[in-house]
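K.L.:
Return atomic coordinates for the entry below.
(one chain, ligands or ions: 1)
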Amino acid sequence: MDHLPTNNPNSLKQLSEMDLLNDLSQPYHGVKTWFRAARVQDFPENGGACVRYKDLQIAVFNFTRRNEWYACQNLCPHKMQMVLSRGMIGSHQGEPKIACPFHKKTFSLKTGECLNAEECTIMVYPVRIEDGYVHIGLTG
Ligand code: FES
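P.N.:
Below is the predicted model of the structure:
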């Protein structure tokens, strides 16, 4: 049996919506839990703060200049320091980034990729603002 009907426009629409849900580039892919971290006003404008979820430390950034929010692991993989929430946010060729306050290793806040060294990537998490609270999407 053919599972990919091509002559029914409704089936095509359903397929494309399903493809969208399974698209790894979608920011909410794989999220199982939305962790309510704190109130919006608990985060400094154009700065970060650290929140805890179980054993995780998560750096959350209120990137007011871009009108965007980001979250990543607080642990800098360079010297294994819990410091990224105290780093400086900025942009690199349009890409939002965080620079570690210790030795300035810089990571994309969209992909977690290290932008100025061969360091490993960091975990990044989707952020959703709802009812005045910051929610962080977690896969576990
Ligand atoms: S500890 Fe972060 S760059 Fe060195």
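K.L.:
can you list the residues of this structure near the ligand?
P.N.:
Residues of the chain lying close to the ligand (Cβ under 6 Å from any ligand atom) are 76, 78-79, 81, 100, 102-103, 105. Backbone N, C-alpha and C define where each C-beta goes, glycine included.
K.L.:
What subset of those residues is buried?
P.N.:
Using 16 or more other Cβ atoms under 10 Å as the burial test, the residues of the chain next to the ligand include 76, 78, 100, 105 as buried.
K.L.:
Now tabulate those residues in JSON lines and tack on pLDDT.
P.N.:
As requested, these are exported to JSON lines (pLDDT from 0 to 100):
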{"residue": "Cys76", "pLDDT": "97"}
{"residue": "His78", "pLDDT": "94"}
{"residue": "Cys100", "pLDDT": "97"}
{"residue": "Lys105", "pLDDT": "96"}
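K.L.:
now, which of these lie within strands?
P.N.:
Judged by DSSP state E, the subset of those located in strands is Cys76.
K.L.:
so which helix or strand takes in the closest residue to Arg66 other than its chain neighbours?
P.N.:
Excluding its sequence neighbours, the residue lying closest to Arg66 (Cβ to Cβ, 6 or more residues apart in numbering) is Pro96, at 6.3 Å. Taking DSSP states H and E as the definition, one finds Pro96 inside strand 95-99.
K.L.:
any idea which element the nearest residue to Pro126 once chain neighbours are set aside lies in?
P.N.:
Spatially, and ignoring its direct neighbours in sequence, Pro126 is nearest to Gly137 (3.9 Å; Cβ to Cβ, 6+ apart). According to DSSP H and E, Gly137 maps onto strand 133-138.
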